[in-house]
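K.L.:
Got a predicted structure here, sequence first:
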Amino acid sequence: MSNLVKSLTIGTFILTSQHVLADGFDQAFTLQDFTQQDGVYSIDVDTSTLPYQPVLTLTVATEGEGKLVTGQRTACTYEKAGECAGELIESSFSELVYEAQVSVSCDDKPLYKRFIHSTELTNTVLTNKSASANLKHTEYLAKNTLCSSIGLTIRPIGETQLSALEGHLSLGLSTK
């Protein structure tokens, strides 16, 4: 390889690396990237080589099974002035609840916790427990806070079970 080609290759690599750092850091993840212990999903992202980037953005999309409650309730067919003026009937209902706690840490120190949830309440009988919930959150890190690793933990709540999970963890200078 000629010296000119080597110089161009090295120069291109340096420019590309600087461009990536100038634009920030973006790490995509899926459920397969997480370790699971006692029903809790976690991942640590190595950010030790990054300069100070104060804007941390997390996007998470989850799918799975929620807690399904079905039954019968008595309902009034007509209300007048807060009183039942109509016929009482038995009505079917279903409530599907899907929720999880999302925690983010910097070098094992908690940054924040958020809850994601989805609730479906209907007057028909549901049999499918499939549900999903999403989160997009931006956090501004304290001045000169450098994290050598950022941890992400997702803890399903109640009877919620995860079957799919994907998202992005980004560090940058702005929210874009």
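P.N.:
In hand now; what should we look at?
K.L.:
Show me where this structure has its helices.
P.N.:
Secondary structure of the chain (DSSP state H): helices located at 3-23.
K.L.:
distance of the residue most central in space within it from Gln101?
P.N.:
Central residue of the chain (Cα atoms, centre = their mean): Val60, 2.6 Å from the mean position. Shown here: Val60 relative to Gln101, a distance of 11 Å by Cβ to Cβ, to the nearest Å. Glycine gets a C-beta too; all of them are placed from N, C-alpha and C.
K.L.:
and if you look at Lys67?
P.N.:
Here Lys67 is placed at a distance of 15 Å from Gln101 (Cβ to Cβ).
K.L.:
likewise Glu87?
P.N.:
In terms of Cβ to Cβ, Glu87 sits 44 Å off from Gln101.
K.L.:
what about the two, which has more around it?
P.N.:
Neighbour totals were compared for Glu87 and Gln101, and Gln101 leads with 15 against 9 (other Cβ atoms under 10 Å).
K.L.:
burial count for the residue lying closest to the more buried one once chain neighbours are set aside?
P.N.:
Leaving aside its sequence neighbours, Gln101 sits nearest to Arg155 (Cβ to Cβ, 6 or more residues apart in numbering; 4.5 Å). Other residues lying near Arg155 total 18 when counted by other Cβ under 10 Å.
K.L.:
What score does Arg155 have for pLDDT?
P.N.:
If you check Arg155, the pLDDT there is 95.
K.L.:
quick one: it and Val69, what's the gap?
P.N.:
In terms of Cβ to Cβ, Arg155 sits 21 Å off from Val69.
K.L.:
For Val60 and Gln101, list the residues in contact with both.
P.N.:
Here Val60 and Gln101 have Ile154 as joint contacts, going by Cβ atoms under 8 Å, 6 or more residues apart in numbering.
K.L.:
Which residue or residues pair with the closest residue to Ser163 other than its chain neighbours through a beta bridge?
P.N.:
Excluding its sequence neighbours, the residue lying closest to Ser163 (Cβ to Cβ, 6+ apart) is Gly64, at 4.5 Å. The partner list for Gly64 in beta bridges (DSSP bridges) reads Ala131, Leu162.
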